[in-house]
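Asker: model this:
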Amino acid sequence: MKALYLTGAAALALVSAAPSFAQTAPAPAASEDAPGDIIVTAQKRSERLQDVPLAVTVVSGDAIAAQGKTSLEGAQYLVPSLNFLKSGTTLNQSLFLRGVGTSTFSIAGEPSISTVVDGVVYSRAGEAFGDLVDVDQIEVLRGPQGTLFGKNASAGVINIISKKPTSTFGGYVEDGFFSDSEYRARAAINVPLGEHVRSRLTGFYTNYDGNIRNVTTGKLVNGFEHYGGRLQVDADAGPNVKLAFIADYHRNNDDCCGEVIATGPINTATGAVTTNASTAALPTPRGTDTRELAQNLTTRTKETGYGFSLQADIQAGTQTVTSITAYRNYKNTEIRDGDFLPAAYIGFNQLHDFGPQTGDTFSQEIRLTSPGHQFLTYVLGAYYSRAASERVFTRNDQVCTAAVTPAPTALTPCSSASANPSTFPTGTADFGSVFKNVALFGQGTLNISDRFRLIGGLRYTVDQLDVFHSRATTLAGPGINANFDQGVYNEYVRLIGLGVSATTAASQAVSASNGVPFRAKATNENLSGKAGVQFDISHGSTAYATYARGYKGPAFNVFYNLTATGTNVIAPETSDSYEIGLKNTLLGGKLTLNLAAFYAKYKNFQANNPDLVAGVVVTRFTNAGDVSTRGVELDATLRPVRDLSITGGAAYTDAHVDKFNAPAGSATIPAGTPLGFAPKWKGNVSVDYRVRTGGFADVLLGAQGSYQSSELGLFSADAVQRQLGTIGAYSLVNLSAGLVSKDDRYKLTFQVRNLFDKSFAASIINGGPGQAYRYQIPRDADRYFGVTGRVTF
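Answerer: Residues are numbered from 1 along each chain as shown. Just a heads-up that it's a prediction; the model follows:
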């Protein structure tokens, strides 16, 4: 009943909002155009994809929906240079482009890939991984985009453009049923509110039981329930003024994503499987075929987000002034079983985490855009944002020791008579960050001739980052760090000044705890830019060469386990990127064939490094050193006839460490080590064909395949751990078939995902019980089936 109720609510009354929109004209859906006529807004003006001197992959909203995915997780199978790190909560998930991305648990670190939805930048990585509602197309801008899109675009931009309201009444209702108890519902309705006002209301509901069985509770986990909606109102406020208001809301309730213990305990020095009493409480590990876990606390995430934006496009003579004002609010609560066992045992402590996080962002952008097709075309603008986040994170332990001598050799629960009464160490940390960013930017093109153009741009950025942290511990214990606050930090600095070692100073300084939050600030100014040339070799062939400077601002490693030794500021990350490309439009616009070769060098690369703190594997966010990436990419789309479409791409990427800055006392990652989630080879191809029968319905046929070579899932200084943390190569094949009425009003589609039932891990992490390895097994690692019906009116 709840599903039916929410479906109806989505179709009729869910008000919601995604931020505002950055194009000066609507971008048509990619699936409706000849390949050579696709319109993009990659340079903050509407242009033909083939005219943009930039490596851009365009994915239509329909193509994402055909993946059976409603989020950016599905886009990784359609964009060879894009990879996705799946984690226990959306807060910790990350995107990677050309092998470069940022994965961090710090509340004071930013992503390397900026996600922009209808012109509004999502400041937190987690905000970008919700359901994509009513998407027209996704533009993946590969490589640093620091001039037009800002500081947290040092590796690229995901530019998402939603469907816009129309001037006629209409809409659609869509329902999908899939194996393993998955249900999806979406609906949208266009309602003209007058001659010059248009509105579009969209709602969605999805529910999935999960693909992993928790043998402790007997229930499936790693499922979800998502619902929400979106409202957009466009108005012609006058002959020269267009307004667009967007509001969105979503609520996610996920029992996701618990990690399966996929290996037995492993000697990290040799890689040999060892014996450990904890394995008696765990399901039999079967590598990537493991589909069971045993936990007495369901790892889950509860998330709520909403936002509002207003865009105004004002025609001032020949210029267009665009203003985008946006506010977003985001709440995410992570509940985690951190010991991965069904109970507390002698020698194996129970560790449960509870970490609600709140945050909001205000942003304002204003731009001046010149007309196209003149000697000098340009975009000038100013940008301001303030993003504040706070997290209250509690870690609860249960610890017991043996009450008998000799101690039991078998796994013994703390509830046993053989155990002493348990103690319950606990600690709570309250920490947060405020990012402030002000920027002035501009980019222009000099059309020297009809065939030759010069490109240049600059962005001046001022960053300020403020952080605070306070942790109170009621009882010391494994994984529970002692108090940390301003008093502890001040005493630590005093002792260091007296010549006391860092380890000793950190231990002694705890006695000076005063309950006042530790505070720190970092500021930075940066000038980044872009320069390039573009030349039309022939009517359908354009070549370009560009240099771009990327930038990501300062950071701090602010997380639950923060101590005085980790309070240093993390320096800004910069990159120098070189790209040459060739864009070809052939066969009268029916075929596009685009090639790009690139090289980028990153300095002060911000990355997580595994470390051991108080007996618990954690990650430290640091300036890991210098890294680089180079490679070749191909994008192609062929529509030889009206009803046949073939799209595909391929990428070779060599992203590796050049020089690693090892933290004090830690091993060094050797030069040449691949970066995490950077497969060297990746490719995809999709074929869609409509058979026009002349009868009551046409037949739709589709096939999609993707391949990627092995990739490093565990970025560690230890060679054995890197080997054990490598995700093997895999390929996926998906098929679909359907019926559609001649007027496209009725559509029924059947699909099978992962036809050959290829199992794989989305991530591999160390630190399981007894040094076992934990795998994230995604939904797509199993074959499943589904049917979707759609009625358009």
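Asker: show me where the stretch 201-350 of the chain has strands.
Answerer: Along the stretch 201-350 of the chain, counting by DSSP state E, counting those that start in this stretch, strands occupy 212-214, 219-221, 224-238, 241-254, 260-261, 292-293, 300-316, 319-337, 350-369.
Asker: deepest-packed of these, please.
Answerer: Each of these was scored by mean neighbour count; the highest is strand 260-261, a mean of 28, by mean count of other Cβ atoms under 10 Å. Glycine gets a C-beta too; all of them are placed from N, C-alpha and C.
Asker: residues in contact with that strand: which ones?
Answerer: 212, 282-283, 285, 290-293, 340, 768-769, 772-775, 777 (Cβ atoms under 8 Å, 6 or more residues apart in numbering).
Asker: okay but residue 783 is in contact with residue 751, surely?
Answerer: No - at 11.2 Å, residue 783 does not count as touching residue 751 under the criterion of Cβ atoms under 8 Å.
Asker: more neighbours: the two, which one.
Answerer: Higher neighbour count among residue 783 and residue 751: residue 751, with 22 against 17, using other Cβ atoms under 10 Å.
Asker: who does the more buried one bridge with?
Answerer: Going by DSSP bridges, residue 751 is paired in beta bridges with residue 736, residue 786.
Asker: residue 704 too?
Answerer: With DSSP bridges applied, residue 704 shows beta-bridge pairing to residue 686, residue 734.
Asker: follow-up on the earlier one: would you turn the strands of the stretch 201-350 of the chain into CSV with distance to residue 513 and mean pLDDT?
Answerer: Output for the strands of the stretch 201-350 of the chain, formatted as CSV (distance: least, Cβ to Cβ, whole Å; pLDDT from 0 to 100):
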stretch, distance to residue 513, mean pLDDT
strand 212-214, 39, 97
strand 219-221, 38, 95
strand 224-238, 40, 95
strand 241-254, 36, 96
strand 260-261, 37, 96
strand 292-293, 37, 96
strand 300-316, 31, 96
strand 319-337, 26, 96
strand 350-369, 22, 96
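Asker: any chance of those in a markdown table, plus distance to residue 128?
Answerer: Below are the strands of the stretch 201-350 of the chain laid out as a markdown table (distance: least, Cβ to Cβ, whole Å):
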| stretch | distance to residue 128 |
| --- | --- |
| strand 212-214 | 24 |
| strand 219-221 | 24 |
| strand 224-238 | 15 |
| strand 241-254 | 12 |
| strand 260-261 | 26 |
| strand 292-293 | 27 |
| strand 300-316 | 11 |
| strand 319-337 | 11 |
| strand 350-369 | 13 |
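Asker: in the strand ranked longest in the chain, what's buried?
Answerer: Using DSSP state E to assign secondary structure, the strand with the most residues in the chain is strand 616-641. Within strand 616-641, the residues that count as buried by 16 or more other Cβ atoms under 10 Å are 616-631, 633, 635-639.
Asker: that one vs strand 350-369, what angle?
Answerer: Between the axis of strand 616-641 and that of strand 350-369 there is an angle of 40 degrees, by axes from the mean of the first three to the mean of the last three Cα atoms, to 10 degrees.
Asker: report the separation between residue 372 and residue 378.
Answerer: Taking Cβ to Cβ, to the nearest Å as the measure, residue 372 falls 10 Å from residue 378.
Asker: name the residue in those two with the higher neighbour count.
Answerer: residue 378 (17 against 13).
Asker: what helices or strands is the strand or helix carrying that one leaning on?
Answerer: Under the criterion of DSSP states H and E, residue 378 resides in strand 376-398. Packing partners of strand 376-398 (3 or more Cβ pairs under 8 Å, 6 or more residues apart in numbering; DSSP states H and E): strand 350-369, strand 426-447.
Asker: packing partners of the last one?
Answerer: So that's strand 426-447. Using 3+ Cβ pairs under 8 Å, 6+ apart: strand 426-447 touches strand 376-398, strand 452-475.
Asker: pull the CA atoms of the first one into CSV?
Answerer: Extracted C-alpha coordinates of strand 376-398, given in CSV (Å, rounded to 0.1, in the frame of the first residue of the first chain):
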residue,chain,number,x,y,z
LEU,A,376,35.1,37.9,-29.8
THR,A,377,32.7,35.7,-27.8
TYR,A,378,33.0,35.5,-24.1
VAL,A,379,31.5,34.5,-20.7
LEU,A,380,32.3,36.7,-17.7
GLY,A,381,31.1,35.9,-14.2
ALA,A,382,31.4,36.0,-10.4
TYR,A,383,30.6,33.2,-8.0
TYR,A,384,30.1,32.9,-4.2
SER,A,385,29.3,29.9,-2.1
ARG,A,386,29.1,29.1,1.6
ALA,A,387,28.9,25.4,2.6
ALA,A,388,28.6,24.4,6.2
SER,A,389,28.6,20.9,7.6
GLU,A,390,28.5,19.4,11.1
ARG,A,391,28.7,15.8,12.3
VAL,A,392,28.1,14.3,15.8
PHE,A,393,29.7,10.9,15.7
THR,A,394,29.5,8.3,18.5
ARG,A,395,31.4,5.1,18.7
ASN,A,396,30.3,2.5,21.2
ASP,A,397,32.3,-0.6,22.1
GLN,A,398,31.7,-3.7,24.1
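Asker: report the angle between it and strand 616-641.
Answerer: Using the same axes, to 10 degrees: strand 376-398 against strand 616-641 is 140 degrees.
Asker: for strand 376-398, buried residues please.
Answerer: 377-381, 383, 385-389, 391, 393, 395-398.
Asker: what does stretch 660-677 give?
Answerer: 660-661, 663, 669, 673-677.
Asker: any idea which of the residues you listed is least confident?
Answerer: Ranked by pLDDT, those bottom out at residue 663, which scores 61.
Asker: tell me the SS of the residue located most distally from the centre of the chain?
Answerer: Most distant from the centre of the chain: residue 405, at 51.3 Å, with distances by Cα atoms, centre = their mean. Using DSSP: H, G, I helix; E, B strand; the rest coil, the structure places residue 405 in coil.
Asker: circling back to that earlier point, what pairs with the longest strand of the chain, parallel or antiparallel?
Answerer: strand 591-613 (antiparallel), strand 644-660 (antiparallel).
Asker: redo the ones you listed as TSV? Include distance to residue 99.
Answerer: TSV is the format used below for the strands paired with strand 616-641 (distance: least, Cβ to Cβ, whole Å):
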stretch	distance to residue 99
strand 591-613	9
strand 644-660	3
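Asker: quickly, which of these bottoms out on average pLDDT?
Answerer: Comparing mean pLDDT over the strands paired with strand 616-641, the weakest stretch is strand 591-613, at a mean of 85.
Asker: now do the buried residues in that strand.
Answerer: So, applying 16+ other Cβ under 10 Å, buried residues of strand 591-613: 591-611, 613.
Asker: chain center to it: distance?
Answerer: On the basis of Cα atoms, centre = their mean, to the nearest Å, strand 591-613 sits 15 Å off its chain's mean C-alpha point.
Asker: quick check on residue 62: phi, psi?
Answerer: When quoted as degrees, to the nearest 10, the phi and psi of residue 62 stand at phi -70, psi -40.
Asker: give me the neighbour count for it.
Answerer: The number of residues near residue 62, taken as other Cβ under 10 Å, comes to 15.
Asker: now do residue 785
Answerer: Neighbour tally, residue 785, other Cβ under 10 Å: 12.
Asker: dump the helices and strands packed on strand 376-398 into TSV; add distance to residue 734 as well.
Answerer: TSV is the format used below for these (distance: least, Cβ to Cβ, whole Å):
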stretch	distance to residue 734
strand 350-369	35
strand 426-447	39
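Asker: residue 789: which of these is closest?
Answerer: strand 350-369 (37.6 Å; Cβ to Cβ).
Asker: strand partners (parallel or antiparallel) of the closest one?
Answerer: strand 319-337 (antiparallel), strand 376-398 (antiparallel).
Asker: what's the average pLDDT for the last one?
Answerer: Read that as strand 376-398. 96.
Asker: pLDDT weak spots in the stretch 601-750 of the chain?
Answerer: Scanning the stretch 601-750 of the chain for pLDDT under 70 picks out the ranges 609-619, 663-666.
Asker: what of the stretch 1-150 of the chain?
Answerer: 1-33, 36, 67-70.
Asker: perfect, I'm done here.
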